[in-house]
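In: Have a look; sequence and predicted model below, questions after that.
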Amino acid sequence: MQRPKSVLVRKDVMRFYSSWRPRALNLFASAIASCIGLAASAAAPYIVVASTTSTQDSGLFDYLLPKFELATGVDVRVVALGTGEAIEVAERCDADVLFVHHKASEEEFVAAGYGVKRYPVMWNDFIVVGPGSDPANIQGMANVTQAFKKIASSESAFASRGDDSGTHNKELEIWDSAGVDVAQESGTWYRELGQGMGPTLNTAAAMNAYTLADRGTWLAFKNRRNLDVQVEGDPALLNQYGVILVSPKQCASVKAEPGQRFIDWLISDEGQQAIGSYKINGQQLFHPDAGDASTARGFEASLLPQLKTDAESK
């Protein structure tokens, strides 16, 4: 006798349900886990760091930040600009930490009440790069001010960042020492670009122009064409980086606790070792310097011999 169709249907449904149920439960569990992961990710603490294009273009942040995030669970979101613009971002309370490289501006930032305290973190040096043909004949000069004078007197092309960055401010200080009014020369042999370090190096390479660069970005820069290092080792070319917590008194939105954790990690033995271990083609890009300004780790007198040694070894 033929069984009723309803019984056959019920058995087919039961077989389908039996085979589908484990997969459904797995899918449901996966969905729940994903939701929990998203919620945890959304709840994870993060800070905004206003910093320079040199720390970004050199690859330093790509190397450092995963180490910090793994150690602390704090996510770091970087706004990479020239130092002047980075300071303006911090003054608008749009960042929790300021990490830049123009000491005088950093000290003004703290003195004005926008920052809590400046901590020295690391240093490298500026270099003058230019075409291999060296039309200003400055190759190997030990005095960067005299080199700039020769660039100006020969009216050799010079590409300036022109972006109020730490590098741009250092360049203007050197022109001032050389007695050259570049504002009057703008648009002639002197070109202001309003660009970061990487684009400025690209333009200098295309124009066969000289420019001032930080060594870290230069070592990471691939499109050198015929550009060479022309001047290095002058103590005036020392490039110091500092980090500052934006003041919670000035900016109520500042995430002070995770922001200070980032600073504490940078100046800790772990952070300093990480900074010192970052290399490109075997060359160290930044030198850790979290010591006090008066210590041998720190500043011009103690660094000059090392700068000269580095320059002579190349």
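Out: Received the coordinates, thanks.
In: Okay, buried residues for stretch 122-141 please.
Out: Neighbour-count burial for stretch 122-141 flags 122-131, 135-136, 138, 141 (criterion: 16 or more other CB atoms under 10 Å). Placement of C-beta: from N, CA and C, glycine included.
In: just these: which has the poorest pLDDT?
Out: Ranked by pLDDT, the buried residues of stretch 122-141 bottom out at Asn124 (90).
In: give me the low-pLDDT residue ranges for the stretch 1-150 of the chain?
Out: Along the stretch 1-150 of the chain, the parts satisfying pLDDT under 70 run over 1-44.
In: For it, which segments count as helices?
Out: Counting by DSSP state H, counting those that start in this stretch, the stretch 1-150 of the chain has helices at residues 5-43, 53-57, 60-72, 83-91, 103-111, 144-153.
In: chain center to the shortest one, what's the gap?
Out: Distance of helix 53-57 from the chain centroid (CA atoms, centre = their mean, to the nearest Å) equals 3 Å.
In: can you pull out the helices in the stretch 201-314 of the chain?
Out: Here the stretch 201-314 of the chain has its helices, by DSSP H, counting those that start in this stretch, at 215-220, 256-267, 269-277, 300-313.
In: nearest spatial neighbour of Asp134, skipping sequence neighbours?
Out: The shortest distance from Asp134 to any non-neighbouring residue, by CB to CB, 6 or more residues apart in numbering, is to Gln230 (6.4 Å).
In: what about the one you found, how many residues close to it?
Out: By other CB atoms under 10 Å, 22 other residues sit near Gln230.
In: And it, how far from Cys93?
Out: Gln230 sits 42 Å away from Cys93, going by CB to CB, to the nearest Å.
In: Could you break this protein into its assigned domains?
Out: Domain assignment of the chain by automatic domain parsing yields the ranges 46-124+240-306, 125-236.
In: Please name the residues that touch the residue nearest the centre of the chain.
Out: What sits nearest the mean C-alpha location of the chain, by CA atoms, centre = their mean, is Thr55, with 1.7 Å. Contacts for Thr55 (CB atoms under 8 Å, 6 or more residues apart in numbering) come out as Phe61, Val78, Ala80, Phe99, Gly216, Tyr241.
In: what's the distance between it and Met122?
Out: 9 Å.
In: Mutual contacts of the two, please.
Out: Tyr241.
In: Okay, the residue nearest to Val231 when sequence neighbours are not counted and Gln283: tell me how far apart.
Out: For Val231, ignoring the flanking residues on the chain, the nearest one in space by CB to CB, 6+ apart is Val128 at 3.9 Å. For Val128, the distance to Gln283 (CB to CB) stands at 18 Å.
In: Could you spell out the sheet neighbours of the longest strand seen in the chain, each with its direction?
Out: Assignment by DSSP state E gives strand 115-131 as the longest strand of the chain. Partners of strand 115-131 in the sheet, by DSSP bridges, are strand 211-214 (antiparallel), strand 227-231 (antiparallel), strand 238-246 (antiparallel), strand 287-288 (antiparallel).
In: Just say which of these is most tucked in.
Out: strand 211-214 (a mean of 26; mean count of other CB atoms under 10 Å).
In: tell me how far that strand is from the chain's mean position?
Out: Relative to its parent chain, strand 211-214 has a centroid offset of 15 Å by CA atoms, centre = their mean.
In: now stretch 135-146
Out: For stretch 135-146, the distance to the chain centre is 28 Å (CA atoms, centre = their mean).
In: ok, residues contacting it?
Out: With CB under 8 Å, 6+ apart as the test, stretch 135-146 has contacts from 128, 130, 147, 150-151, 153-154, 156, 174, 177-178, 210, 228, 230-231, 233-234, 236-237.
In: Now with 6 Å, please.
Out: For stretch 135-146, the external contacting residues (CB atoms under 6 Å, 6 or more residues apart in numbering) are 147, 150-151, 154, 156, 174, 177-178, 230-231, 234, 236-237.
In: Just the buried ones from these, in PyMOL syntax?
Out: Applying 16+ other CB under 10 Å to those, the buried members can be selected in PyMOL as follows:
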select buried, resi 147+150+151+156+174+178+230+231+234+237
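In: Find me the pLDDT at Gly216, would you?
Out: 85.
In: That one: neighbour count?
Out: If you count neighbours by other CB under 10 Å, Gly216 ends up with 27.
In: Lys67 and Ala274 touch, don't they?
Out: Yes - assessed by CB atoms under 6 Å, Lys67 is found in contact with Ala274 at 5.4 Å.
In: which ones are touching Gln84?
Out: One correction, residue 84 is Gly, not Gln. Here Gly84 is in contact with Asp164 (criterion: CB under 6 Å, 6+ apart).
In: if we go to 10 Å?
Out: Residues near Gly84 by CB atoms under 10 Å, 6 or more residues apart in numbering: Thr52, Val100, His102, Ser105, Asp163, Asp164, Ser165, Gly166, His168, Asn169.
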